[in-house]
Each structure stands twice: as structure tokens, then as C-alpha cells.
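Enquirer: how would this look folded up:
(one chain, ligands or ions: 1)
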Amino acid sequence: MRSIHLKTPVPGPRSRALAARRAEAVPRGVSQLTPVFVARAEGAVIEDVDGNRYLDFAGGIGCLNAGHREPGVTAALDAQLDRFLHTCFMVTPYESYVRLAEKLNALAPGHTPKKTLLLNSGAEAVENAIKIARACTRRPAVICFEDAFHGRTLLTLSLTSKTHPYKAGFEPFPGEVYRVPYGQPAAQLEDTFARVVAAESVAALIAEPVQGEGGFIVPPPGWLTAVAEICRKHGILFIADEVQTGFARTGRMFAIEHEDLEPDLLVTAKSLGGGLPLGAVTGKAELMDYTGPGSLGGTFGGNPMACEAALAVIRAIEERGLCQRAMQLGEQFRRRALAWKERFPTIREVRGLGAMQAFELADAATTKSLAQYCYEHGLILVTAGTYGNVIRILMPLVVTGEQMDEALDVMEAGLTALVPNAANAGVA
Ligand SMILES: Cc1ncc(COP(=O)(O)O)c(C=O)c1O
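Expert: Here you go, the predicted structure:
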């Protein structure tokens, strides 16, 4: 049975009416990638307020690896609803925060004892990782990468690379942030220490193991390990930002597990909360314990609903074998996408790791048109890339093989309708 079912042209009348109210009430700086308003969602399917059903290949931008309304998550939330909603962990603590910290400490790669701090978002978690790194090392500088994305708060925006629409107009940014190319020979960092910033001034280097918003850029094998090794040599903390790559997306619980690497600090968010806002910094215990009481935290950080959801998400990933499933889904995508690359010269590259897969097109306009075609035909997906020319997939990992094929059929129909193929472009 097909999952996609469109009753009206999209957006339908109810979505259009809500979009008009949205335009009056919400700043236009909050982007609107698809103009359909959601009524409900389950697994990998979203239904809009006009009764149209879509396959969700955006997953709330990578937040639903365990699926919409994962049954364990909703059961845990129902049970927590009957107990209490908020006390603030810093005032009157509760067990679920501790249990989640224990779980993340156990899951984080490496044998050094770990501790975990819980927050509300990816950006807040990145901010806290930098705070901890600066305090522990008593050094000011941070190294980040071209095409990185680490958030939209002022410090994380300074670490984020893309100027439009993210950074332009929001200057000045916090200082002591130095940007270097991603995936280049790690030894070039030594040159950066000679020519740009002294190694002994650098508190931390922050890297996404696979760049997300930057366009699903996978660095060469061994690169992260080499970078971490140079950091270790200079007393620089290595921060892995696994906000988008974490929780089975790349076929491992964390993408750095593709290498034998223990980061000093591991930043997570997005799919951790199963749809609820939650971020975490999991790090070597001696680093995490460096700053004194009151120096870390926040009113809602690790709120009880989000903690219960996260524990259920991790259970679902483990019990449903979602890491292995991510590898299969990635293969299913790659088989089709590599065949498209032969047919459509406008596809420059198919790339990714596990289920974190994408294809790069020659230009942003075609990419935008393809994403538009897809949503008009029942497939919601988001683009990526500094130049806006990458189609990425972030579907829930509970998507079935049939749903995956259905989504790929829509993408293929879109490519056929919109871009010249090898035959009619005169390319052999
Ligand atoms: C790698 C990475 N880090 C940090 C963030 C920021 O997370 P949030 O939007 O929850 O603040 C994102 C969001 O897309 C991300 O992809």
C-alpha cells in the first residue's frame, strides 16, 4: 500500500489559510521549507491539516531517527505526564536525568570515565562544550571548519560557516574563532599553528564527523583520528559535534565509531530527544567536573519529559537494530542514486555514510525545484550545502523498504521531469 496520498493540490486550503496567519504572526527570518501544516505524524509519515499524507524524509531535520511517535517514547511520555512535568534538575533532581547521563556515559566511545550535562538544543550543547574547554585549558581560541554548522546562537554562529542566510547582518561575532578547511591533510593544522594562531592559545577544535548542513561531506578515512591526534599533542580538546550524525544515522550510534577515536567532549541533540528538545555534552569526567557548582546548567536543561523520551529512543535504537537498518537504507538509496548519476549529468556526486546520504546537483535552482517537486508529490525533504545544491535524506530509520522505494520513485520522477538526462543532453 502506498504511504503517500494527496487529496488536494498542495498546499491545500487549510494549510494556505494557516500560512497567511503565519505570515502575519511569525517573523520571515524563520524559514518555511514546505508550506503544509501538520495535523499528525507516525513512523515516517506526516499527515497535513487537509488530510494529505507525505513521506517524511526531513525528520524534523534529523530529529526522528527512531520515528515519529515511537511507541516506547509515547508510552514513557504518557507515564511521565502522570508524575510531574518540571522541577528543575538543579533544584529538586529526578532519576531519569541521572539514568540518561549514565546511559550516554556508557555509550560514548572510549574507556575514560565520562559525565554528561543535559541542555535544551544542539546550539546550547555546543556553547557549553566550548565553555568547558576554555575553562579546562585556560586558553581562548577555538578551531572550526569551513562549511561547518554548529547552531544559530551568537557563539555557535561564529563557528558556523555559511554566511547567507545565517551570519550576514548579525556581526560582530565572538572572537578567537579560527576556521580551517575540512578534510584537508591533518598535518596542515601545524601550519595553522605557525601562521594563524598559536597551538598553546587553542582550547578546542570542533568538528562534525560528517558535515550536515554543509552538504553531507564525509572526510577521508582516518582524517578525524589524525586531527584528534594533533589536538592531543598540543593539549587541545577535540570536540565531536554529533548533533546531526548521532544516534544511528550513519550506521553506528555515533559517527566517530567508524574510527577508533575517543573525543574529549561529545555533543549530541536532535534525535536524542525523539522529538523533544534536548541536547547533551558527554565528556571525560575530569574535564566535565572542572568547573564549580552553578557554572553549568539551565532552567529546563534535561527536563523530565525529554529525559524519558531519550531513554526510550536509545532503547528503540538498540532493540530495533537501527544502526544495522541505517546501513541497509543507505545502500538502498545509493543503488538508485548512483544509477541516476549515470542518467542525469547534472548529478555531480552521490555521497554519505550509512543512512546519512545525499546527492549534489550542479546548481541551487535545480535543487530547489527538485525539493519543491518532491513535496508537491508527497515527499518532504530538505536541501543542504553551502551553495544550496545538495539533496539530503534524513528519514526516520523505521521507514520500511517499500516506503523507501516510494520516496525514491518520487525523486526519480522529479529528476526526469526537471533535469536533462544523458540521452537528451547529448552525453554518451
Ligand atoms: C552539527 C550540528 N550542530 C549543531 C546544530 C544546532 O542544533 P540546534 O538547532 O538544536 O540548536 C545543528 C543543527 O542543525 C547541527 O546540524
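
Enquirer: other SSEs contacting the helix or strand containing Leu155?
Expert: Assigned by DSSP states H and E, Leu155 belongs to helix 154-159. Under the contact criterion of 3 or more CB pairs under 8 Å, 6 or more residues apart in numbering; DSSP states H and E, helix 154-159 touches helix 122-137. Bear in mind the C-beta positions are built from the backbone N, C-alpha and C, glycine included.

Enquirer: need the contact partners of the helix it packs on.
Expert: Residues from elsewhere that reach helix 122-137 (CB atoms under 8 Å, 6 or more residues apart in numbering): 117, 119, 140, 142, 150-153, 155-156, 159, 203-204, 206, 235-237, 239, 241, 243, 264-265, 267-270, 279-281, 283, 287-288, 290-291, 295-296, 298, 301.

Enquirer: ditto for stretch 318-334
Expert: 65-66, 248-253, 316-317, 350, 352-357, 393, 395, 397-399, 401, 404-405, 408.

Enquirer: the residues you listed in strands, which ones?
Expert: 350, 352-353, 356-357, 393 (DSSP state E).

Enquirer: okay, those in a markdown table with distance to Leu338 next?
Expert: Converted to a markdown table, these look like this (distance: CB to CB, whole Å):
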| residue | distance to Leu338 |
| --- | --- |
| Val350 | 5 |
| Gly352 | 11 |
| Leu353 | 15 |
| Met356 | 16 |
| Gln357 | 11 |
| Ile393 | 14 |
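
Enquirer: and those, which is closest to the ligand?
Expert: Distances from those to the ligand were compared by CB to the nearest ligand atom; the smallest belongs to Met356, at 11.0 Å.

Enquirer: which residues touch the closest one?
Expert: 210, 212, 216, 244-245, 249-250, 255, 326, 330, 392, 394.

Enquirer: all helices for this protein, in order.
Expert: If DSSP state H is used as the criterion, the helices of the chain fall at 13-25, 59-62, 71-81, 95-107, 122-137, 154-159, 188-195, 223-233, 285-288, 304-319, 322-343, 364-376, 401-418.

Enquirer: select, out of those, the one closest to Glu146.
Expert: Relative to Glu146, the nearest member of the helices of the chain by CB to CB is helix 154-159, separated by 11.3 Å.

Enquirer: got the contact list for that closest one?
Expert: With CB under 8 Å, 6+ apart as the contact definition, helix 154-159 has outside contacts at 123, 126-127, 130, 142, 144, 148, 150-151, 166-167, 170, 173-174, 177, 206.

Enquirer: who wins for neighbours among those?
Expert: His150 (31 neighbours; other CB atoms under 10 Å).

Enquirer: and that one, backbone torsions?
Expert: phi -130, psi 0 (degrees, to the nearest 10).

Enquirer: hmm, it is touching Asp241, no?
Expert: Yes. Between His150 and Asp241 there is a contact at 5.9 Å, judged by CB atoms under 8 Å.

Enquirer: quick check: neighbours shared by the two?
Expert: 122, 126, 206, 208.

Enquirer: identify, from these, the entry nearest to the ligand.
Expert: If you rank those by distance to the ligand using CB to the nearest ligand atom, Gly122 comes first, at 2.2 Å.
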